[in-house]
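*Asks:* Build me a model from this:
(chains A, B and C)
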Amino acid sequence: MAAAYHAPYLGVAYYPEDWDVSEIDSDIAKMKEAGINTARIGEFAWYKMEPEPGRYEFGWLHDVVDRLGAAGIAVVMGTPSATPPRWLSKLYPDIMQSDENGIRKQHGGRRHCCSNNPHYREYSARIARKLGEEFGRDEHIIGWQIDNEIYTDVGCFCPNCVGKFAEYLREKYGNIDNLNRAWNLNLFSQAYDSFADIPTPARAWVNPHHKMEWKIFHNSCHIDFVHMQADILRPLTDAPIGTDTMPFRRMDYRHMTEKLDIVQFNHYNTEANLWNAAMWMDHLRTLKDRPFWVTETATCWNGSVDINQDLKPEGFCRANSWMPLALGGEANMYWLWRTHWAGHELTHGSVLSSSGRPMHIFHEVQRLSREYALAADFLQNTKVKTAAALHYSALNYNIAGEQSVLNTLTYDKAVSSFYCPMICQGLRPDMIDARQPLDSYKLIVSPMMMTLEEDDLAERMAKWVQDGGVWVVGPMSDIRTEIGTKYTDRPYGMLEKLCGVRWKYDIPDRKHYLHAVWKDGTPFGECDWYELFEADEDALVTVTDGYSSAEGLAPVIMKNIGKGAVIIVGALMSEENRRRILTLACERAGIRLPEVSGDSILVCPRAGEGREGVILVEHAGRGGTYRCEKPMLDLLSGKEYSGVITLAPYDVLVLE
Amino acid sequence: MAAAYHAPYLGVAYYPEDWDVSEIDSDIAKMKEAGINTARIGEFAWYKMEPEPGRYEFGWLHDVVDRLGAAGIAVVMGTPSATPPRWLSKLYPDIMQSDENGIRKQHGGRRHCCSNNPHYREYSARIARKLGEEFGRDEHIIGWQIDNEIYTDVGCFCPNCVGKFAEYLREKYGNIDNLNRAWNLNLFSQAYDSFADIPTPARAWVNPHHKMEWKIFHNSCHIDFVHMQADILRPLTDAPIGTDTMPFRRMDYRHMTEKLDIVQFNHYNTEANLWNAAMWMDHLRTLKDRPFWVTETATCWNGSVDINQDLKPEGFCRANSWMPLALGGEANMYWLWRTHWAGHELTHGSVLSSSGRPMHIFHEVQRLSREYALAADFLQNTKVKTAAALHYSALNYNIAGEQSVLNTLTYDKAVSSFYCPMICQGLRPDMIDARQPLDSYKLIVSPMMMTLEEDDLAERMAKWVQDGGVWVVGPMSDIRTEIGTKYTDRPYGMLEKLCGVRWKYDIPDRKHYLHAVWKDGTPFGECDWYELFEADEDALVTVTDGYSSAEGLAPVIMKNIGKGAVIIVGALMSEENRRRILTLACERAGIRLPEVSGDSILVCPRAGEGREGVILVEHAGRGGTYRCEKPMLDLLSGKEYSGVITLAPYDVLVLE
Amino acid sequence: MAAAYHAPYLGVAYYPEDWDVSEIDSDIAKMKEAGINTARIGEFAWYKMEPEPGRYEFGWLHDVVDRLGAAGIAVVMGTPSATPPRWLSKLYPDIMQSDENGIRKQHGGRRHCCSNNPHYREYSARIARKLGEEFGRDEHIIGWQIDNEIYTDVGCFCPNCVGKFAEYLREKYGNIDNLNRAWNLNLFSQAYDSFADIPTPARAWVNPHHKMEWKIFHNSCHIDFVHMQADILRPLTDAPIGTDTMPFRRMDYRHMTEKLDIVQFNHYNTEANLWNAAMWMDHLRTLKDRPFWVTETATCWNGSVDINQDLKPEGFCRANSWMPLALGGEANMYWLWRTHWAGHELTHGSVLSSSGRPMHIFHEVQRLSREYALAADFLQNTKVKTAAALHYSALNYNIAGEQSVLNTLTYDKAVSSFYCPMICQGLRPDMIDARQPLDSYKLIVSPMMMTLEEDDLAERMAKWVQDGGVWVVGPMSDIRTEIGTKYTDRPYGMLEKLCGVRWKYDIPDRKHYLHAVWKDGTPFGECDWYELFEADEDALVTVTDGYSSAEGLAPVIMKNIGKGAVIIVGALMSEENRRRILTLACERAGIRLPEVSGDSILVCPRAGEGREGVILVEHAGRGGTYRCEKPMLDLLSGKEYSGVITLAPYDVLVLE
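*Replies:* Numbering: from 1, shown residues only, chains lettered A, B, ... in the order given. Sure thing, here's the model as predicted:
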């Protein structure tokens, strides 16, 4: 990699295979005009790279890379395994995924092949190797992207997958009796005599553990497929290797990125849910000790089949493009540079229209290019700094996905119900998985961690609390084993014992029959779910009436334990109540909240050797205020601020 | 059966195969604490009973029955045919049901096998026989339940079913020309040359008679499957044999219970539709001269996949548990005793949580146990007593299901549109099928009996009216033959002739263009459907305007015939109008309505040799009043009542 | 054809195969009583015509035709290919259509066979020939209907269709490289090595050009199937040959009717959308120089499965039956004469009930019979006369169907958004396809003609404008090639060049961030879509604020070109704005609008040799007014009118 290229990267996805070669130079000239310094290419171009089995054509691609490089534009190269040519499915029809009825998908889209198919794997490996050999040492290549948005929806049901699933289960459970016992398969006479007897989870009222393992299995197959390519590319290049994911909540990002160098992430969030992209970025930066890349985001609207979004308000593109940099990334790349002229995704927003003319956001992109440069030094020398964390784990997502408690409560909803008030209050949490070390945090919120049987989390949390941590435990936490079964001798894995409390029962109450009050007499308000404990002096909230046997029981309790404390939140309650609990928890943990108003300002504290500051991003178009504790300089505008700053919709300030 | 066990039964479903043997004793001890006197077991435990083909293990089950018996808890034993082990589908893959495309279901849930499959029938017969031999004379077994909730959704489309369907049609229609003519198959050139040519009713715009026969056929196959098991058990036991059904409206309960001793019924109704469970119980008691059993109902909420219901209000469990006893049953059993700890239905409400702790309704269950005992003698010596009936027939449901008249009017809706005002007015109707004898009734309401060609009902109704009966005939009655075709020479089978009236035409009018008035000038209000007759002095309601040709025609007519009368209700009208007609009909029939208010008090008059009384159940949480005609004693509280009694939500009074 | 029969035809669909022969005479007698002069028969009676392969029975059908003829009722004879007998699918199971997974349909409904199947075609040809030989010269046959409502939904996926599709593509694209290039198949590595490699468009994220060609291909196969029958009938009869279509928007009516003599059309529109039937009739009359026939419409309600419509208001039947005659047709036939007594469509509205009694609309039918006679002479000697046209093309429908721009904007909606204000303002447009000659029009509106690459339309429109035409070009017009791809060097095919304007970009704005004003300062109001141009003095509307880069750009422009003018309407705007533009365009084109109020009066100017007049039909039940410019005589009532006439709901006036 040449020294010439450095972060921050302002990039675009470019599909030279989509355009006549005569257009390339003018496209590059317009990229320069826009201030673009990086192009992502190659991800779907297998057919142009290998038009016949074993006949490779990379000349055209070298030419594009060279032209981009000559213009000072760095290149991220994608391996094209998401789109195998038609000749491959003709040679080996069994590479296509099968649906629940065993019927195969057909050629024409993307990601329609089975990651477990040996022929597909063989040819994918071969093209990755060839591509690595061709471009691994190219000075313009600043990174690699393996495949594209690989994940599991329902999974492939081909015979090959069925066989590998049986192997996966055998490896996990040892013998079939263990599996029968673990899944409680005496129930409904479901028990199997051998792993080979286990059918696909389809065309039946399928056991939920069966369904959950199927999903976890398939995700690990995709991860294995990506790792296979990473192993091939590793010796061929020094540029960092990644795979561009999306918010694939079933996927264990830790596992996926284990063998990768860099986290790459695509999102298409809008003004309605930009906070949710922030949540993911709060997770992404915890995975690697290296800034992540946003590899895809939209300048305008989505239009994969037709335009299903609208004009985003002025300034949105800027806030959206600043967010990854504020939250620990170093790249923001748009999908796509120029809208396709035929075929799929013909109406997707872009930087340039199909006819090659600049879209309405062109001047915002140009401005970003200038601003990135102004803040580059500060960004490079500081990192996001926080003492609070929020738990999120793919295993818990998968348990909740197949065996949730309330039909109206998804895992996503449970997590964001705590994340949103945290960021509204100006807190900057790391969103951490079970494996993340705990030492650096004073406060951890675990919303609906149904199981703690992951990476010794139960034991580690107990110790961390003893050592002074403040743990907010959301509803439906610690109630399941690692495969989603219940404890038969106790309702919680460790919570009763750790806290010395006794659970009585749970009550879903979306009709709001029960009433409860805070310790100070404030009404607790409407609440959809109660986990009720025998109350003592540590009860924060107590049921007053609505069902005689529940009166006097407590859904919210705070217990001091060692140097720390646990706040058990056994209630699905109002946002106001969640803020009250978070405020209490911050106080107890000694975390000082910044003074913000408006509920839409991302406060991103940054610190490095000798430098310190904060990046503010207004993300919802409502505006708001932030109080500087000392006079600060906005690196973008050069203005000095002190006291209360008012941010306009989608404002971005880089304060040092 | 030992003398020790007697009704009323307060029971639970228990799955000892689901729990470690170490838990059994403490579970039984808690049952005793709750006041439970009956346990339903066995229904899904085939694999534990026969872990390999022909190797039976009943020791564990004897042990459970003995422990229950030792604690004074009676047992209802289920045959496990709903859940064949995996080894059976490995031996005979063709036992699995096929869907509309001929694709087979897979192992893992329940009721996935084809009732017509000879191998499945053979093994089901064998396990039933073995179970009968083992437990048929066990003193603790007070009853048998065959299979579980067997019914037809879309039916099985396997080749075996197709062949048996052809046989069924041949038996019913004699030869193919008869079928072609009966179904009018010249239309669309649908006619068949042989029964073997008839395809499954799938992948086509299928003839509605074809679809209807398919459903009736499949239900009769299930009935045959249950009867086969009953025939096996009969010589092996003296305890009554049944099968637990649900509100399976396509199923002919009369036919199903023909060879059974007892009616068993499951329902999961809530405070929103408890009236509907009452309607079914008003039907159940007419089927056998023996009190029915509610074999399943929920204490708390449903949760077969996740919790999709909520806390039911305090008292609901009591009202729900009293209802079957008030309406002619002698058992109420909860599903389930203790929530499973893994696998399916992990969040279902219960009496005990998975961790073995009592749920919030535990004290209500204990109270019921005491109350059942207080009223036992009265219940045993009295029966429900009524002079009114409401027609409901599976054949009519099936006709309406495939060939309804209005897309917005289901058969259920039509029936409950009369049932609800009846019970709100304090009437206690029997809900009777076509075969039920008519002599004991003064008033019969037939809401949407599309055909009367069932058990000579047309002739019997005519005679019953001549002899003094008052017949309220709802809209869309008597308009079809027994297979759902129309009469070509007249609009009604017998109604015009019986009443001497002349129909002009029908008009669907959900936009309410037409207007009509009662004879006394009261406006008739909005009405979705009119059957219009040439009016004479017997018109109760007349169209005044809205469409010139309809003016002066009558949708509601009352005709005196012999000693009785017919009220033709050719209108889908407001509930207020239906109440007006019912009041009129009761007056004409000499039925005196009790004085009730609140629209939610079930009035259940009971009479026996020398004893008489009434059970009141408030079923909707609204409260209400009832006026005693003479002073009465509440057997539950020991309080005396006279005059107007005020019932709180979910109150139950057993007044003698 | 006997001279005895002449238009206008008031007809019914009659199914003698559905009724016992004893009913025929009384049915015919009642037809006479109703004033019916035409019966459509035969369309589904293949089995009765050919009960075994090669054994024909036409005696019963001759008998019916003769009896109808004897009563003075003309006959339209249908070929029965829509409903092949069961014996044919037994002989050749492959005649059944296959679904997306290759699973075959089954016998029992209609149109379930594959129009490309050689056996089905062979037997269809044979029965058409036999029928033609039997009835081709029958004096009572006034017309032929081939098949019934033939069109493409998703298409048949059988191997035969796949093969013919490959041939179709080869013929259109010449070689596979052309197709790969035209569809841009380098994208996603979709490219094919041969036509034989192209799979069905199923079980994949299918390329939109692939999907579009599949639909066009299938429609042309159906057309070919109809033409095959027309070629067979042609030498056997002098009566006009047609096929009864519906609003099949994917179908190229021009292509379909090429080899046919007469346009036949079925519609089941109600008071909510009778305007839409008018729109289709405004199209139908442009296809042939011969009045079209409405072959099916409902007197009452639809009820193919159950009654899903309601009583239509009094007078609706009359307005509905007059509409085709007013708009250039000469026949109106009801579906159906007498409701079936069994099987499918048992609840459909009719003239006679199944039991043979007249429905409530009987007197309206009788009145129509009288009125048709009164106006017959005027109708025969005049034609609809108009100077305005609206573009509609099946090709554009198909492009929009697979690759629309906005997900909320269908082609239908785009077209009717201009059609509705046109007819509300009293304009009578021809709805023309691309091939229609332009000379006779002063004003043409092209709403969303995505491509103009059809029948040299681009060139012809340019010339027509130069010669004085006024062209209103709706949004999203001229933006695609004939196969739905974009231009890469320009946004529009010809519009920028013709008008000398420059497009900047498009903006979807359903959240209404942008604001714009008319030239006179009137606010432009809310607008969902903008195509924005660099503004000059010809801008009619200019963006004022909402997004800084869009300010000053123009979405609506009027350019004088040669003797004519182009109004570019690059905005999806309010109906009020569309009316403003239409008024402006009429002024510019020298079209004088009549004075109407109420938005629901169809104004149908008629002119012939020496005769002139206007037919007014109130179509929405709202009433309204029309101003006569001179005194006129209503041929129906015999009343004279002058000045402002007030029309009651569903009034019809034939003014001369």
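*Asks:* Chain B contacts on the stretch 1-150 of chain A?
*Replies:* For the stretch 1-150 of chain A, the residues in contact with chain B (Cβ under 8 Å from any Cβ of the partner chain) are A:Asn101. C-beta: built from backbone N, CA, C; applies to glycine.
*Asks:* and the closest residue to chain C within the stretch 1-150 of chain A, what does it touch?
*Replies:* Closest approach of the stretch 1-150 of chain A to chain C (Cβ to the nearest Cβ) occurs at A:Gly109, with a separation of 3.0 Å. Each residue near A:Gly109 by Cβ atoms under 8 Å, 6 or more residues apart in numbering or on different chains is listed here: A:344, C:188, C:204-206.
*Asks:* where in the stretch 201-350 of chain A is pLDDT low?
*Replies:* Applying pLDDT under 70 to the stretch 201-350 of chain A flags no residue at all.
*Asks:* Of all residues in it, which one is closest to chain C?
*Replies:* For the stretch 201-350 of chain A, Cβ to the nearest Cβ, closest residue to chain C: A:Ala342, 3.5 Å.
*Asks:* Output stretch A:62-75 as CSV - backbone C-alpha positions only.
*Replies:* The C-alpha trace of stretch A:62-75 is given here as CSV (Å, rounded to 0.1, in the frame of the first residue of the first chain):
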residue,chain,number,x,y,z
HIS,A,62,-6.0,-3.3,-13.7
ASP,A,63,-6.8,-0.5,-16.1
VAL,A,64,-9.5,0.9,-13.8
VAL,A,65,-7.4,0.6,-10.7
ASP,A,66,-4.5,2.3,-12.5
ARG,A,67,-6.7,5.1,-13.7
LEU,A,68,-8.2,5.6,-10.2
GLY,A,69,-4.7,5.5,-8.6
ALA,A,70,-3.4,7.9,-11.1
ALA,A,71,-6.1,10.3,-10.0
GLY,A,72,-5.1,9.7,-6.4
ILE,A,73,-8.1,7.7,-5.6
ALA,A,74,-7.5,4.6,-3.4
VAL,A,75,-9.2,1.3,-4.1
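*Asks:* Please report the distance of the closest residue to chain C within the stretch 451-600 of chain A from A:Gly484.
*Replies:* Closest contact between the stretch 451-600 of chain A and chain C, by Cβ to the nearest Cβ, is at A:Ser600 (17.4 Å). The gap separating A:Ser600 from A:Gly484 is 36 Å, by Cβ to Cβ, to the nearest Å.
*Asks:* Going by how many neighbours each has, rank those two and give me the top one.
*Replies:* A:Gly484 (26 against 22; other Cβ atoms under 10 Å in any protein chain shown).
*Asks:* any idea how far A:Thr382 lies from A:Glu330?
*Replies:* A:Thr382 is 12 Å from A:Glu330, by Cβ to Cβ.
*Asks:* Enumerate the beta-bridge partners assigned to the residue lying closest to A:Arg104 once chain neighbours are set aside.
*Replies:* Excluding the flanking residues, the one nearest A:Arg104 by Cβ to Cβ, 6 or more residues apart in numbering or on different chains is A:Met96, at 4.3 Å. Applying DSSP bridges to A:Met96 gives these bridge partners: A:Cys113.
*Asks:* Do you know the pLDDT at A:Met96?
*Replies:* A:Met96 carries a pLDDT value of 98.
*Asks:* What's the local residue count around it?
*Replies:* 23.
*Asks:* Identify the residues contacting it.
*Replies:* When contacts are counted by Cβ under 8 Å, 6+ apart, A:Met96 touches A:89, A:104-107, A:112-114.
*Asks:* Quick check: closest non-adjacent residue to the closest residue to chain C within the stretch 401-550 of chain A.
*Replies:* Closest to chain C within the stretch 401-550 of chain A is A:Cys420: 22.3 Å, counting by Cβ to the nearest Cβ. Distance criterion Cβ to Cβ, 6+ apart; nearest residue to A:Cys420, sequence neighbours excluded, is A:Trp275 at 6.4 Å.
*Asks:* So what does the one you found look like in phi/psi?
*Replies:* phi -60, psi -30 (degrees, to the nearest 10).
*Asks:* quick one: it from A:Arg622, how far?
*Replies:* For A:Trp275, the distance to A:Arg622 - Cβ to Cβ - is 12 Å.
*Asks:* Report the set of residues contacting both of those two.
*Replies:* Between them, A:Trp275 and A:Arg622 share the contacting residues A:Ser600, judged by Cβ under 8 Å, 6+ apart.
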